[in-house]
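Student: build the 3D model from these lines:
(chains A and B)
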Amino acid sequence: MVIRSRPEEATPVGPRGNAGAGRSTRRPGRTRSDAQNLRARTYSYWFYAPAGLVYGLIFVVPTVIAFYYSLTRWTLFDSQFIGLDNFRQFFSEQSLVSGLKNTLIYAVVTSGLKVVLGMVFAVLLTGPIRSRGFLRSVVFFPVLVSTVAVGITFSMLLQPDTGLVAVVLSKVGITSPDWLGNPSTALLSVALVDVWKGVGLATLIYIAGILAIPKDYYEAVDVDGGGAWTKFRNVTLPLARPATFTVILLSLIGGLRSFDLIWTMTGGGPGFSSDVIASVIYKQYQAGFFGLATAGNVVLFVLVSLIVFPLFRYFNSREVES
Amino acid sequence: MRSLRRTSLEVVAILVALVVFVVPFLFMFLTASKDENESSDLSFSLPTHWRILDNIKDVFTARDGILLVAFKNSTILTVASVTIIVVLCSMVGYVIQRRPGRVANIANVLVVSGLIIPPAVVPTIWVLQQLHIFKTLPGLILVEVAFQMAFAVLLFRAFVAAIPRELDEAAMIDGCTGLSLFFRVIFPLLRPVTITVILTTSVFIFSDFVNPLYFLPGDENATVQLTLFNFLSQFSTQYNLLFMNIVLVTIPPLVLFIFFNRKIVAGMTSGAVKG
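Tutor: A predicted model of the protein is given here:
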C-alpha cells in the first residue's frame, strides 16, 4: 500500500463562526478554548488507548526488547549477556550467511516477476476482452487460498518423475529437473510458486491503477495516430506508477519476510539451499537458541528497514511531484 | 482480420489461464476424491470410484476428530480477532484522520512501522508468557489483532477522509460527542470499508500458518492450517485424506470470495491505491 501521511492544515473543528447563533439555548460567545475542548472531547485521544495497548504490548515492546535479548544467551527464563557473540556466530556460519543471500534473491525475484506479470495481466484484463470477469477471478483466486495448501499441492505437482509438471514435460521430450530436491533449483521453484500465488494481488492493484487513468489520454494518442504500444509506453506505464510502487513495496516486504511457503515446500532444504532468514530464525528457535533466533530477527529487521524505508520515502516523494 | 486475431488471442489467454491457474485446483479436488491406493501415485486423472463423502467422513474422524477441533479453534480465532480489529482500528482511523498534529504523526509512524517491520517472535513469546497467555487461544487472538492492525487502520483512515466533517459538526451541535458520536454516526457510515476489512483480515487470519505455529503449538488446540501441516508428516501415504483436508480448508475463503468478490475489490482499490 502506498501510504502518505497527509499533513493537512489543522482546520479548527467545532461550531464555526455563527453556527450556533440564533439558538437561544446556547451560551453566546464561544471562545477558542471552548472549541478546542469540544474538539478534544469529540476526537478524544482515548480512542487510541485500546488499540495502542494491544499494539504496544504485543508488537512494540517485543521489537524493542529484541535488541537487548539478541545480545544474550537466553532460555526465556534466564539470560546471560554475551555481547555481539550471536551476531558473530550468525555471520560466520556459512548456512546462516546463505540464508541472508537467499532472502535477497527470493525477494528480488518474486517482486520483479510480480511487477512484470501483474502489469501484463492487468493490461490484458482491462482491454476489450470478453471473458474479463472470469479471468480476473481465476487469477485472483490463489491469493485467497492458504499458503500451506498451495505449498503442499505444488510439492506434489513438482515431484520428479511422477509429478504432473514432470509428466507433461516428458511428453514434449524434456527431462524435468528435481525442482525441489535439487539445491540449485529449490529456491527458485519456491519463488515461482510464490509468484503464482501472489500475482493476483499485483494484477488487482494494477487494474485499479489503470482504470483510474482518464480516457482522454488514450484518445489523445488515437488522435496522434499512435498504436497500442505507444499507448502503453507513454500513457499506461507512467500513469500507473503509483500502482507499481505499491506492488514493489508489498512484494518486497512479503518476500523479505517470507517463511510459510518455504517451510511447507522445502523446509529450507536440500541442505541449506533454500533457507531464508525467517526459516533460520524458526530453526534456531526450535533448537532452543532463543538469543540466536532473536539476533536473526534483528538482522531481518535491519535488512527490511534498510531496503524498504528508503524506498518508501523515495516513492512518496516521487508521487508528490507527479 | 483484426477481430479474428483478437479472438484467437483471447482463446490463448483463456487456455493459458486454465492450465496455469485452474489445473492445480483440479488436481487438489481429483486427488481428494480418490481412494487411498489411487491417490498414492499423485497422477492427474479421474478417480475410478468417486469417494468424496467417504473421504470427508474419514478426514473428520481421523486422529480422534482433531479436524473438528481445529475448525472450531480457527473459527473462534478468526471471528474474535476480526471483531476486535474492526472496533479498535476504526476508532484509530477516525481520530488519526480527524485530529492531525503531533500525536497523529506518531500514530502514523507506528502504523507504517507495523506494515514494514517483521515482528520479533521470541520476545513476543516471552511477553505472552509474562501475561500467562502463551499457548492459549486468547493469546493468539491478541497476536493476530496486533499484527493486522496497521493494515486495517490504513484502510479506515483513507475512508474516513471521504466522510465530510460537516456531519461531525452537525452531530456536535446536537450535543453528541466522543464515543456516542463515533458509534452512532460515523461507524455506520464506514460500512463499505468495514466489509473490506472483515473479508481481507478474516481470509488472512483463517489462512495464517506462521503465527499459530509459533504462538499456539501443540495438537490439542491446533488451527486448521496447523493440522494441514501436521497431516503432511503423519499421513504421508493417505494423500486422498490430505487433499480432502486441503479442499475443506479452502472452501470457507472460496465461499467468501464468490459472495463478496466485488466488495473486496472495490474496498481494496479505494483504500489501497489512492491512499
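Student: check which helices and strands the helix or strand containing residue B:38 sits against.
Tutor: Per DSSP states H and E: residue B:38 is located in helix B:36-39. With contacts defined as 3 or more CB pairs under 8 Å, 6 or more residues apart in numbering or on different chains; DSSP states H and E, helix B:36-39 has these neighbours: helix B:239-272. Using the backbone N, CA and C atoms, a C-beta is placed for each residue, glycine as well.
Student: average model confidence for the helix it packs on?
Tutor: For helix B:239-272, mean pLDDT is 77.
Student: so which residues of the stretch 151-300 of chain A form helices?
Tutor: A:164-171, A:186-211, A:215-223, A:228-231, A:237-239, A:241-257, A:260-265, A:277-286, A:290-321 (DSSP state H, counting those that start in this stretch).
Student: try chain B
Tutor: Taking DSSP state H to define them, one finds helices in chain B at B:2-17, B:23-32, B:36-39, B:52-98, B:102-116, B:121-130, B:137-160, B:165-173, B:178-181, B:187-189, B:191-207, B:210-215, B:224-234, B:239-272.
Student: now mean neighbour count too, for those, in TSV please.
Tutor: Shown next, in TSV, are the helices of chain B (neighbours: other CB atoms under 10 Å in any protein chain shown):
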stretch	mean neighbour count
helix B:2-17	12
helix B:23-32	20
helix B:36-39	17
helix B:52-98	19
helix B:102-116	17
helix B:121-130	22
helix B:137-160	24
helix B:165-173	15
helix B:178-181	15
helix B:187-189	14
helix B:191-207	21
helix B:210-215	22
helix B:224-234	20
helix B:239-272	19
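Student: what's the spacing between the helix holding residue B:38 and its chain's center?
Tutor: Put simply, helix B:36-39 sits 32 Å off its chain's centre (CA atoms, centre = their mean, to the nearest Å).
Student: pull the residues that contact it.
Tutor: Residues from elsewhere that reach helix B:36-39, judged by CB atoms under 8 Å, 6 or more residues apart in numbering or on different chains: B:31, B:47, B:48, B:237, B:238, B:239, B:240, B:241, B:243.
Student: confidence-wise, which of the helices of the stretch 151-300 of chain A is weakest overall?
Tutor: Among the helices of the stretch 151-300 of chain A, helix A:164-171 scores lowest, at a mean of 84.
Student: contact partners of it?
Tutor: Here helix A:164-171 has contacts from A:157, A:158, A:159, A:160, A:175, A:176, A:179, B:23, B:27, B:42, B:43, B:44, using CB under 8 Å, 6+ apart.
Student: residue A:126: how many residues sit nearby?
Tutor: Neighbours of residue A:126 under the rule other CB atoms under 10 Å in any protein chain shown: 18.
Student: wait, what's in contact with it?
Tutor: Residues near residue A:126 by CB under 8 Å, 6+ apart: A:132, A:207, A:210, A:211.
Student: most neighbours among the residues you listed, which one?
Tutor: When neighbours are counted by other CB under 10 Å, residue A:207 leads the contacts of residue A:126 with 25 neighbours.
Student: tell me if stretch A:67-85 is near chain B.
Tutor: Yes. Stretch A:67-85 is in contact with chain B by CB under 8 Å from any CB of the partner chain, via A:69, A:74, A:76.
Student: which outside residues touch that stretch?
Tutor: Applying CB under 8 Å, 6+ apart, the contact partners of stretch A:67-85 are A:86-87, A:288, A:290-291, A:294-295, A:297-298, B:122-123, B:125-126, B:129.
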